[in-house]
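S.K.: quick one, fold the following:
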Amino acid sequence: MRTLLPVILSIAAASSAALAQNSDIGVLFGVSAPVTTVGAGHVSASVGGSFELNYAAQVHESKAGQIYVELPFFVNVLTDEHVGPGSVVSGVRDSIFFTPGVKYRFTPASRVSFYAVAGGGLASFGRLVEVVGPGVTNINSRSTTAAVAFGGGLDFRLTRLLSLRFEGRDAVTSSKYDGASHHTFFVFGVGFHF
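M.R.: Purely as a prediction, here's the structure:
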């Protein structure tokens, strides 16, 4: 990810200067609430977090709103622990989404904007599981598949260059991962406008 950030920022700077259009970079985070389950002879606990880095360049503007080309990059990580009779299972799952697309934004009030997004690209899922039972087992795997994403959000402008942003997206994959083909994210953060 350290090498990806300079590339995204370079593309953002170059395309903004070349197109002479409005652009923004969004940095957003989300956390899933910790869940603990206690049953007969077992205890389970899990917690997760999400991160989004998003660059968008305006390509069209009218009275009805603005259209942007966007490059969203999402990372979601979930850790879970299970302790049961004769075994301990520790797992880390991550999902990475890159779904370039379009964003339509309209501004009903001077500081408030709503937007809708849609795009397609790739999703990559990784899993690291360690099981201590009779013996020790390590499972490390990664799979990549096609994905489409859609959603929407709210931008509340604090200044000309900074806004608070809330967003929800659903990424749909062509193959199921952990029994699901829908992967929903709710994130909150800031938008930098230039």
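S.K.: am I right that R160 is in a strand?
M.R.: No: per DSSP: H, G, I helix; E, B strand; the rest coil, R160 lies outside any strand segment and is coil.
S.K.: show me what contacts it?
M.R.: Applying C-beta atoms under 8 Å, 6 or more residues apart in numbering to R160 gives the contacts H193. Glycine gets a C-beta too; all of them are placed from N, C-alpha and C.
S.K.: right, and L128 touches I139 too?
M.R.: Yes: with contact taken as C-beta atoms under 8 Å, L128 and I139 are classed as touching, separated by 7.2 Å.
S.K.: please say which of those two ends up with more neighbours.
M.R.: L128 (15 against 10; other C-beta atoms under 10 Å).
S.K.: what's the closest non-adjacent residue to that one?
M.R.: V92 (4.8 Å; C-beta to C-beta, 6 or more residues apart in numbering).
S.K.: for S141, same thing?
M.R.: The shortest distance from S141 to any non-neighbouring residue, by C-beta to C-beta, 6+ apart, is to R127 (5.2 Å).
S.K.: please name the bridge partners of F73.
M.R.: Beta-bridge partners for F73, by DSSP bridges, are L53, F98.
S.K.: thanks again, I'm all set now.
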